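Student: Generate coordinates for the sequence data below:
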Amino acid sequence: MPQLTALTPLGELTLSEEDGAIVALDWGRGRDQTATPLLRRAVAALHAYFDGAAEPFADLPLNPAGTAFQRRVWTAMRAIPRGRTRSYGALARDLRSSARAVGAACGANPIPVIIPCHRVTGARGLGGYSGGDGAATKRYLLGLEQA
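Tutor: Numbering: from 1, shown residues only. Reported below is the predicted structural model:
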C-alpha cells in the first residue's frame, strides 16, 4: 500500500492510499514512502489545511474501512463546517443512535483530521481524541480552525 508522510505542525502524519482513495492517516512516519499523484495531492491538501484553507479535502477520494454505521457517522462529521463543532449527542439524534456509539465511531476513524472527528465534542466539554497527543491535539485543531 503506497504511503507518503507529511511534516505538519502536529509532527509527521502518514497518508495511505489503496485503489485510488485515501484509506488512512496515521501519526508518525510510514515505512513505505511512495509519492503517488493522489498522495502528493493529499499532502498538499494537509499543508493547505494547516495554512488555513477552508475546505482543502473536499475533492479527495476517501475510502475509510468501517461498518455501515461508522461510515454514516464519518459522513456526518464531514458535514460539520470548519470552525464549528457538534456534540456527540446532537450527531446521535441526527443518526438515531446513541452518543456512546457516535463516540466509538469517532474513535475508530481511520482518517482523522481529513474526516474531522475533532469537531465532535462532549455535551459538557471537549470530549476525547484518539490521535496525536489526545485532547491537546483536539484543542490545537479546533483553535486552528477557529482562528
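Student: How is the residue lying closest to residue 27 once chain neighbours are set aside classified with respect to secondary structure?
Tutor: Closest residue to residue 27 apart from its sequence neighbours, by C-beta to C-beta, 6 or more residues apart in numbering: residue 132 at 5.4 Å. The way it works is simple: take the backbone N, C-alpha and C, and place the C-beta from them, glycine included. For residue 132, the assignment made with DSSP: H, G, I helix; E, B strand; the rest coil gives coil.
Student: surely residue 132 meets residue 28?
Tutor: No. Applying C-beta atoms under 8 Å as the test, residue 132 and residue 28 come out as separate, 9.9 Å apart.
Student: neighbour count winner among the two?
Tutor: Legend: neighbour count by other C-beta atoms under 10 Å for residue 132 and residue 28, higher for residue 132 (20 against 11).
Student: Can you tell me the centre-most residue of this structure?
Tutor: Closest residue to the average C-alpha location of the chain: residue 112 at 2.3 Å, with C-alpha atoms, centre = their mean.
Student: my read: that one touches residue 120, true?
Tutor: No. Under the criterion of C-beta under 8 Å, residue 112 is not in contact with residue 120, lying 11.2 Å apart.
Student: show me where this protein has strands.
Tutor: Listed in chain order, the strands of the chain (DSSP state E) span 3-8, 11-18, 21-27, 86-87, 120-121.
Student: With mean neighbour count, mean pLDDT and distance to residue 146 as extra columns, can I get those strands in a markdown table?
Tutor: Listed next are these as a markdown table, based on neighbours: other C-beta atoms under 10 Å; pLDDT from 0 to 100; distance: least, C-beta to C-beta, whole Å:
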| stretch | mean neighbour count | mean pLDDT | distance to residue 146 |
| --- | --- | --- | --- |
| strand 3-8 | 18 | 97 | 18 |
| strand 11-18 | 19 | 97 | 21 |
| strand 21-27 | 19 | 97 | 21 |
| strand 86-87 | 17 | 96 | 14 |
| strand 120-121 | 23 | 95 | 12 |
